[in-house]
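In: Sequence plus the predicted model coming up.
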Amino acid sequence: MIRLRGIERIFRVGEEEVHALRSVDLDITAGEYLSIMGPSGSGKSTLLNLIGLLDRPNAGRYELDERDVTGLTDDEQARVRREKIGFVFQFFHLVPRLTAAQNIELPMVLAGVDPAERRERLRKLLAEYALEARARHRPDQLSGGQCQRVAIARAMSMRPAVILADEPTGNLDRHTGQEVMAVLERVHHDGGTVLLVTHDPEIGGRAQRTLRMIDGAIVSDQKADAGGNGGT
Amino acid sequence: MRFADVLDFAWRVVRGYRSRTLLILLAMGIGVAAVVAVSSLGEGARLYVVNQFGSLGTHLVIVLPGRSETAGAMPGVLIGRTPRDLSIDDALALKRSAAVRRLAPLIVGAGDVRAGSRSRETPVLGSTHELMDIRSMEMAQGQFLPVMDPRDSLPVCVIGTKLAVELFPGRSPLGQWLRVGDRRFRVVGVLASQGESLGFNTDEIVIVPVAAAQALFNTEALFRILVEAKSRESIGPAKADIEEILRLRHEGKRDVTVITQDAVLATFDRILKALTLAVGGLAAISLAVAGILIMNVMLISVTQRRGEIGLLKALGATAAQIRLTFVTEAVLLALGGAAVGLAAGKLGQLLLGQIYPNIPFTSPWWAVIAAPLTAIVTSILFSVAPARRAAKLDAVQALSKR
Ligand SMILES: Nc1ncnc2c1ncn2[C@@H]1O[C@H](COP(=O)(O)OP(=O)(O)OP(=O)(O)O)[C@@H](O)[C@H]1O
Ligand SMILES: [Mg+2]
């Protein structure tokens, strides 16, 4: 479903060049649960942003669902993002003045989904993520775990092909982090593709497949035993 | 994105940042209110003048001594040499014109008016019976000056209502004697209250026969001759006749100015319209200032809402959608400001009307349309730059900062 070939990403900071991604090749099939680990600055977020079409590679080719998306215009990329990609961020990025329900609805609003259809999907999402009681609360009235659940519900509202989560537990305590991971894993169990960036080896180990990155390159690509969720 | 959703989104922003919204509403509101109030001031002044001249009477032609340099300019701009005075005989001679229905010579002065122990300094007008019809005056009591030869000086007078009350409190002034200067006059009538008319408050004047006024002020010279033409069409012929008759009587010199009500009105109208436009335009500058304020506030808002803008992009918003939400936000603010401003302007207008009940304050239609329109157009123009900046933000960087 996702195919990266020879992806290079170079940032220029003044005279210096930072090679954030070096000839990255990667194939991800639909329904995979994949974690990306590596030291800080190794290019994990950069890789995720490229896959999410928020950033463009300096070289290489990116195919999403058998379609080359590298050369699309900004507006075309926005449309792909809207329909196929769901983001979950470390700092939740909820709109503070909107209620939980309105935040979850936002992607559907941007996509121009019919209001009746929107209400129906919203109702289901609130039920699915156990947020019915919080629907009318604003982010500042929600706990971190609840905020992240809202963010995941929002990411799922357009039924995307892939969920990209950049350190979704990085801003949560251990217990809440486990809860959020359980929610993400349910997305995976329901057939969703999940890409997860994390520093926590325990969380990263729960994935079927783990990428290890160092200095912009993928140095290892391990698949856990089939059926096993426990890591090393 | 559906339009209703764009509106809803912008509306929530406007409601979400209260103090910012209030600030912009205030700035926009002041701008719009200033245009409405100031232009209604100008328009009120214009209508006031028009009404004042209108109450002079219809088809009026005014003759005054001296020649004004250019037609249409205000009387009083005179060529150097002293002009010959207008006399009562000059006035009577004008009756020869077929275009003239009636006329009234006019002398104006101020006199010390006393009745018993009470005295007042008031304007004193010397004229004839026909002044009443020419200036469409009405009587509250008694009669106006009697029909008689204007060269006769009869000791009778007509007074304004206010003066009547002040000089003769609690009793009828009819038949009473009063003194103006060193002459005595018997009150034969009291004018109905009419308010201001060409600079005189008719409630406070004394009107005496023109010959009596000549004696009183010790002058033969008339201040004006008020002439009423037979019809609107005969105003022109009347003017021509008057100029010709007086030229012949004054040894061939054109030493009088004949002005028609229309010309005076048109001049005043032009001046005051221009004035209204000018002050309205000045007030509109405050709208431009409000526009710049909107731009700055929106630029700050773009910086503050970087994370949100990055998020919208991550959720699949196009650059056009982001621009649209920002511009819509500005339009909502402008609409609100315009509404506030129109309401405040109207309120100010009502207040002015309370303070100066004589002046008909009304905002001209162009101000009521132009002020909100300018507010909306400026805010759209000034929100384009912030909106573009928002749409150009790099999503990754916008999201990376908290
Ligand atoms: N916009 C940018 N301009 C310049 N350099 C950048 C930019 N974004 C990332 N980099 C650099 O690219 C490299 C990879 O960054 P990236 O954010 O992908 O690392 P990361 O693996 O996500 O690290 P962390 O675990 O700290 O989040 C780093 O050296 C970083 O400094
Ligand atoms: Mg990172």
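Out: Arrived safely, thanks for sending. Ligands and ions are numbered 1, 2, ... in the order given.
In: From chain A, how far off is whichever residue of the stretch 201-350 of chain B sits closest to ligand 1?
Out: Per CB to the nearest ligand atom, B:Gly310 is where the stretch 201-350 of chain B lies closest to ligand 1, at 12.6 Å. Using the backbone N, CA and C atoms, a C-beta is placed for each residue, glycine as well. Relative to chain A, B:Gly310 is positioned 8 Å away (CB to the nearest CB, to the nearest Å).
In: Please apply the same query to B:Phe144.
Out: B:Phe144 sits 75 Å away from chain A, going by CB to the nearest CB.
In: Please verify my assumption that that residue contacts B:His129.
Out: Yes: using CB atoms under 8 Å, B:Phe144 is in contact with B:His129, at 6.1 Å.
In: which residues are common contacts for the two?
Out: Counting by CB atoms under 8 Å, 6 or more residues apart in numbering or on different chains, B:Phe144 and B:His129 have no common neighbour.
In: picking that back up, what about the residue of the stretch 201-350 of chain B closest to ligand 1, helix or strand, and which?
Out: helix B:306-314 (DSSP states H and E).
In: is chain A contacted by whichever helix or strand comes after that helix?
Out: The helix or strand immediately downstream of helix B:306-314 is helix B:319-355, counting by DSSP H and E. Yes: judged by CB under 8 Å from any CB of the partner chain, helix B:319-355 and chain A are in contact via B:Ala319, B:Ala320, B:Gln321.
In: circling back to that earlier point, look at B:Phe144 and B:His129 and report which has more neighbours.
Out: More crowded of B:Phe144 and B:His129, by other CB atoms under 10 Å in any protein chain shown: B:Phe144, with 21 against 16.
In: Assign the more buried one to one of the three secondary structure states.
Out: Here B:Phe144 is coil, with the state taken from DSSP: H, G, I helix; E, B strand; the rest coil.
In: Any figure for the gap between it and B:Ser40?
Out: 38 Å (CB to CB, to the nearest Å).
In: Output the residue of the stretch 51-200 of chain B whose distance to ligand 1 is smallest.
Out: Closest residue of the stretch 51-200 of chain B to ligand 1, CB to the nearest ligand atom: B:Asn51 (71.4 Å).
In: which residues does the residue nearest the centre of chain A contact?
Out: The centroid of chain A falls nearest to A:Leu164 when counting by CA atoms, centre = their mean (1.2 Å). With contacts defined as CB under 8 Å, 6+ apart, A:Leu164 is in contact with A:Leu48, A:Ile51, A:Gly52, A:Ile85, A:Gly86, A:Phe87, A:Val88, A:Leu195.
In: how about a cut-off of 10 Å?
Out: Neighbouring residues of A:Leu164 by CB atoms under 10 Å, 6 or more residues apart in numbering or on different chains: A:36, A:45, A:47-49, A:51-52, A:54, A:85-89, A:155, A:193-197, B:314.
In: Take the residues you listed and keep only those in strands.
Out: A:Ile36, A:Ile85, A:Gly86, A:Phe87, A:Val88, A:Thr193, A:Val194, A:Leu195, A:Leu196, A:Val197 (DSSP state E).
In: longest helix in chain A, by residue count?
Out: What stands out as the longest helix in chain A, according to DSSP state H, is helix A:174-189.
In: in it, what's buried?
Out: A:Thr176, A:Gly177, A:Val180, A:Met181, A:Val183, A:Leu184, A:Glu185, A:Val187, A:His188 (16 or more other CB atoms under 10 Å in any protein chain shown).
In: Stretch B:356-372 now?
Out: Neighbour counts over stretch B:356-372 (16+ other CB under 10 Å) mark B:Ile359, B:Pro360, B:Phe361, B:Thr362, B:Ser363, B:Pro364, B:Ala367, B:Val368, B:Ala370, B:Ala371, B:Pro372 as buried.
In: Show me chain B divided up by domain.
Out: Segmentation of chain B into domains, based on automatic domain parsing, reads B:3-52+B:266-400, B:100-231.
In: pLDDT (mean, whole number) over stretch A:72-79?
Out: Here stretch A:72-79 scores 94 as its mean pLDDT.
In: ditto for stretch B:60-79
Out: 63.
In: Stretch B:156-168 too?
Out: Across stretch B:156-168, pLDDT averages out at 93.
In: Determine the set of other helices and strands touching whatever helix or strand A:Gly145 lives in.
Out: Secondary structure assignment for A:Gly145, by DSSP H and E: helix A:144-156. If you count contacts as 3 or more CB pairs under 10 Å, 6 or more residues apart in numbering or on different chains; DSSP states H and E, helix A:144-156 packs onto strand A:85-88, helix A:100-111, helix A:115-128, strand A:162-166, helix A:174-189, helix B:306-314.
In: mind checking the SS state of residue 158?
Out: Looking at chain A here, since you left the chain open. Under the three-state scheme (three-state DSSP), A:Met158 adopts coil.
In: meant chain B actually
Out: Quick answer, by three-state DSSP: B:Val158 is strand.
In: near ligand 1, which residues of chain A?
Out: Within reach of ligand 1 by CB under 6 Å from any ligand atom, chain A has these residues: A:Phe11, A:Val13, A:Val18, A:Ala20, A:Gly38, A:Ser40, A:Gly41, A:Ser42, A:Gly43, A:Lys44, A:Ser45, A:Thr46.
In: about what we covered before: TSV please, covering the ones in strands among the contacts of A:Leu164 and showing neighbour count and distance to B:Gly348.
Out: Converted to TSV, those look like this (neighbours: other CB atoms under 10 Å in any protein chain shown; distance: CB to CB, whole Å):
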residue	neighbour count	distance to B:Gly348
A:Ile36	26	65
A:Ile85	24	55
A:Gly86	30	54
A:Phe87	28	52
A:Val88	25	54
A:Thr193	22	64
A:Val194	23	63
A:Leu195	26	62
A:Leu196	28	63
A:Val197	23	61
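In: Which one of these is nearest to chain B?
Out: A:Phe87 (4.7 Å; CB to the nearest CB).
In: quick one, what contacts that closest one?
Out: By CB under 10 Å, 6+ apart, the residues touching A:Phe87 are A:48-49, A:52, A:54, A:81, A:93, A:107, A:151, A:154-155, A:160, A:162-166, A:168, B:310-311, B:314-316, B:395, B:399.
In: Over to A:Met1?
Out: A:27-32, A:63-66, A:84, A:161-162, A:193.
In: and if we set it to 7 Å?
Out: Contacts for A:Met1 (CB atoms under 7 Å, 6 or more residues apart in numbering or on different chains) come out as A:Ile28, A:Thr29, A:Ala30, A:Asp65, A:Ala161, A:Thr193.
In: B:Leu272 belongs to a strand?
Out: No: counting by three-state DSSP, B:Leu272 is located in no strand; its state is helix.
In: Distance of it relative to B:Gln261?
Out: Distance, B:Leu272 to B:Gln261, by CB to CB: 16 Å.
In: Residues of the stretch 201-350 of chain B that sit close to chain A?
Out: Where the stretch 201-350 of chain B comes near chain A, counting by CB under 7 Å from any CB of the partner chain, the residues are B:Gly307, B:Glu308, B:Leu311, B:Leu312, B:Ala314, B:Leu315, B:Gly316, B:Ala317, B:Thr318, B:Ala319, B:Gln321.
In: for the residues you listed, which one is nearest B:Val156?
Out: Using CB to CB, B:Gln321 is the member of those that lies nearest B:Val156, at 85.7 Å.
In: how close does A:Arg186 get to ligand 1?
Out: Look at A:Arg186 and ligand 1: by CB to the nearest ligand atom, to the nearest Å, they are 25 Å apart.
In: swap that for A:His188, sorry
Out: Taking CB to the nearest ligand atom, one finds A:His188 at 22 Å from ligand 1.
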